[in-house]
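**Q** Here is a sequence with its predicted model. Questions after.
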Amino acid sequence: MNVFIFDIETVPDVDAGRRLYDLEGLGDEDVARVMFQKRREQTGDSEFLRHHLHRIVAISAVFRRGDTVTVWSLGEPDSDEADLVRRFFDGVDKFTPTLVSWNGSGFDLPVLHYRALKHGIAAPRYWDTGEDDRDFKWNNYLSRYHARHTDLMDVLAGYQPRAAAALDEIAVLLGLPGKMGQSGAHVWGQFQAGEILDIRNYCETDVLNTYLVYLRWELIRGNLSQAAYEEEIGLLRDTLRAAGKPHLEAFLQAWNPTQVSC
């Protein structure tokens, strides 16, 4: 198993907002307010910005490789966006893992594409569709129906938008902690307050939910036996205990193992 489960957290790209809307001289909070307002005017109610207007402030991952599972956030708390995006694509180029996400096709990867474009970050393995490696013609990261990137939300909904579900609700359905009182809507306020560690910790718990849903999916499609599934659950639980980090301890305490096992 060589699987990289990932999630990103973003804030408004206020520098882009200044240039696009001629807002030079306004502070970040005021620029973001204008960006949200313009988005409401476009949609009628939603403030959620278009993909190219998001700036990445955290990328968290669970990496299952060999006999280990690792949970962490890329870079350091003071890493800039270019460093985070470069680390993500460097990892893909180095390990060629199966990428797993929840709504990664609809949000995370398009945002990563735009930010890589902004910073000029090369990722030849990721973008290959068969030009360099013939196997990638039939299974690459970019095709919606190929397995090198598995968007669990997409797959479980049968690629039907009306059937899509929120990760938090599916996690709770399976007896997992879910959002634990946090959500992406809080990230901009936390970022303004300098709470980048809290953002990274939240992102890590989100990606843990995704990983546990992924393991259950591997079970129901026959890629994991019941015994193998329980071993994976045990490995993750042991890893979280050994980490000794308060947010991972809180995740463990909120996790109901009697509902996670079949």
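**A** Yep, it's here.

**Q** C-alpha from now on. contacts and neighbour counts both.
**A** Will do.

**Q** right, and the secondary structure at Asp45 would be what?
**A** Of the three states, Asp45 takes coil under DSSP: H, G, I helix; E, B strand; the rest coil.

**Q** check contacts around it.
**A** By C-alpha atoms under 8 Å, 6 or more residues apart in numbering, the contact list for Asp45 is empty.

**Q** Without its sequence neighbours, what residue ends up closest to His247?
**A** Asn201 (6.4 Å; C-alpha to C-alpha, 6 or more residues apart in numbering).

**Q** One more: Leu112?
**A** Leu112's closest residue in space is Val85 (C-alpha to C-alpha, 6+ apart), at 6.9 Å.

**Q** Any idea how many residues pack against that neighbour?
**A** 22 (other C-alpha atoms under 10 Å).

**Q** repeat for the one 5 residues further on
**A** The criterion is other C-alpha under 10 Å. On that basis, Asp90 has 18 neighbouring residues.

**Q** next helix or strand past the helix or strand that contains Gln42?
**A** Using DSSP states H and E, Gln42 falls within helix 28-43. Counting by DSSP H and E, the next helix or strand C-terminal to helix 28-43 is strand 54-65.

**Q** That following strand: which residues count as buried?
**A** Buried residues in strand 54-65, counted by 16 or more other C-alpha atoms under 10 Å: 54-64.

**Q** So which residues make contact with that strand?
**A** By C-alpha under 8 Å, 6+ apart, strand 54-65 touches 1-13, 69-74, 80-81, 84, 88, 111-112, 115, 196, 199-200, 203-204, 207-208, 211.

**Q** among those, which are in strands?
**A** 2-12, 69-73 (DSSP state E).

**Q** Buried members of those into PyMOL, please.
**A** PyMOL command restricting the ones in strands among the contacts of strand 54-65 to the buried ones, with burial defined by 16+ other C-alpha under 10 Å:
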select buried, resi 3+4+5+6+7+8+9+10+11+12+69+71+72+73
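
**Q** Contacts for the helix or strand containing Ala242, please.
**A** Secondary-structure element containing Ala242, defined by DSSP H and E: helix 226-243. Applying C-alpha under 8 Å, 6+ apart, the contact partners of helix 226-243 are 68-70, 212, 215-216, 219, 248-249, 252, 261-262.

**Q** Of those - the most surrounded one?
**A** Of these, with other C-alpha under 10 Å as the count, Leu248 tops at 22 neighbours.

**Q** you'd agree it is up against Thr205?
**A** Yes: taking C-alpha atoms under 8 Å as the definition, Leu248 is a contact partner of Thr205 at 7.2 Å.

**Q** so how far is Leu219 from Pro97?
**A** 19 Å (C-alpha to C-alpha, to the nearest Å).

**Q** what do you get for Asn103?
**A** Distance from Asn103 to Leu219, by C-alpha to C-alpha: 20 Å.

**Q** Over to Val3?
**A** Applying C-alpha to C-alpha to Val3 and Leu219 gives a distance of 15 Å.

**Q** List the residue ranges of the chain that fall below the pLDDT cut-off.
**A** 1, 181, 183-184, 256-262 (pLDDT under 70).

**Q** Which stretches in the stretch 151-262 of the chain count as helices?
**A** For the stretch 151-262 of the chain, the helices defined by DSSP state H, counting those that start in this stretch cover 152-156, 167-173, 187-192, 196-220, 226-243, 246-254, 257-260.

**Q** got the angle between the helix holding Ala242 and strand 68-73?
**A** Angle of helix 226-243 versus strand 68-73, following axes from the mean of the first three to the mean of the last three C-alpha atoms, to 10 degrees, is 50 degrees.
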